[in-house]
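K.L.:
Any chance you could fold what I've pasted below:
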Amino acid sequence: MLLYIHGFNSSPFSEKGIVTAQYIASHYPKLSFFQPQLPATPKAAMEMLIEIVEEQVAKGESLHFIGSSLGGYFASYLVENYGGKAVLINPAVKPFELFDEFLGEQYNPYTDEQYQVLPVHKQEVARYNTQVILNPDRFFVLLQSGDEVLDYKQAVHKYHYCQMLVEAGGDHSFIGYKQQLDRICQFLFLDK
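P.N.:
Residues are numbered from 1 along each chain as shown. Model prediction:
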């Protein structure tokens with residue numbers, strides 16, 4: 001099972017989401033692949049992700065994750081609590097510290113949804129914090145120093161024992177992501 005987890009105000013229809021789905025369909029057509037559109041609130045999003053994971057665990061499926069930005073934060077929680085392996089793309093490390101600047105009305109251009117970010121959402125997202133990575137061998141972290149949204153150094157610090165690729169420049173979308181998909185899938189051992 002591979003679960004792709006998009007970031008804040010994003011969608012499976014982002015460029016990364018689309019190229020991931022195309023790559024998996026082409027190279028791993030028999031793989032159970034999940035790429036849900038997450039609800040806007042952290043609690044509802046994590047409830048959806050946990051439901052998918054627990055259903056797959058009950059079927060005896062091995063767990064693999066690709067998480068981008070806030071999706072990387074969620075993937076870290078899932079791996080540390082349910083097992084499996086994850087590739088994190090410019091992951092959010094402490095998103096609850098950033099929530100104040102997003103309070104109020106938000107718009108998701110992929111879903112055309114308008115919604116409110118409330119103070120309670122900051123507490124909701126903080127519940128899923130993995131302060132220490134206990135299983136560093138389960139993570140491969142891809143970072144670009146030019147990330148204009150998140151401080152990549154926070155991820156370098158948090159995931160310092162994990163396999164990591166840090167590229168100079170780039171941006172939050174991770175320029176050249178498509179060229180990393182072979183390496184991502186090799187780490188996840190999707191062909192085994």
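
K.L.:
for this structure, longest helix please?
P.N.:
Ranked by residue count, the top helix of the chain under DSSP state H comes out as helix 42-58.

K.L.:
So what touches the helix or strand following it?
P.N.:
Where DSSP states H and E defines the elements, the next helix or strand beyond helix 42-58 is strand 64-68. Where contact means CB atoms under 8 Å, 6 or more residues apart in numbering, the residues beyond strand 64-68 that reach it are 1-7, 10, 14, 16, 20, 73-76, 78-79, 84-91, 174, 184, 188-190. Glycine gets a C-beta too; all of them are placed from N, C-alpha and C.

K.L.:
Next, the angle from strand 64-68 to helix 42-58.
P.N.:
Using axes from the mean of the first three to the mean of the last three CA atoms, to 10 degrees, the interaxial angle of strand 64-68 with respect to helix 42-58 works out to 160 degrees.

K.L.:
tell me which strands and helices the helix or strand following strand 64-68 is in contact with?
P.N.:
Note on strand 64-68: by DSSP H and E, the next helix or strand toward the C-terminus is helix 70-82. Packing partners of helix 70-82 (3 or more CB pairs under 8 Å, 6 or more residues apart in numbering; DSSP states H and E): strand 2-5, helix 42-58, strand 64-68, strand 85-89, strand 139-144.

K.L.:
of the ones you listed, which approaches residue 156 most closely?
P.N.:
Each of the helices and strands packed on helix 70-82 has some distance to residue 156 by CB to CB; the shortest is strand 139-144, at 6.7 Å.

K.L.:
Tell me where the protein is predicted with low confidence.
P.N.:
Counting by pLDDT under 70, the ranges of the chain that qualify are 190-192.

K.L.:
what residue is smack in the middle of it?
P.N.:
The residue at the geometric middle of the chain, judged as the C-alpha nearest the mean C-alpha position with CA atoms, centre = their mean, is residue 67 (1.7 Å).

K.L.:
Which residue, other than its chain neighbours, is closest to that one?
P.N.:
What sits nearest to residue 67 in space, not counting adjacent residues and going by CB to CB, 6 or more residues apart in numbering, is residue 75, at 3.1 Å.

K.L.:
thinking again about what came up before, and the contacts of strand 64-68, which are buried?
P.N.:
Among these, those that count as buried by neighbour count (16 or more other CB atoms under 10 Å) are 1-7, 10, 14, 16, 20, 73-76, 78-79, 84-91, 174, 184, 188, 190.

K.L.:
so who does residue 113 touch?
P.N.:
Each residue near residue 113 by CB under 8 Å, 6+ apart is listed here: 40, 107.
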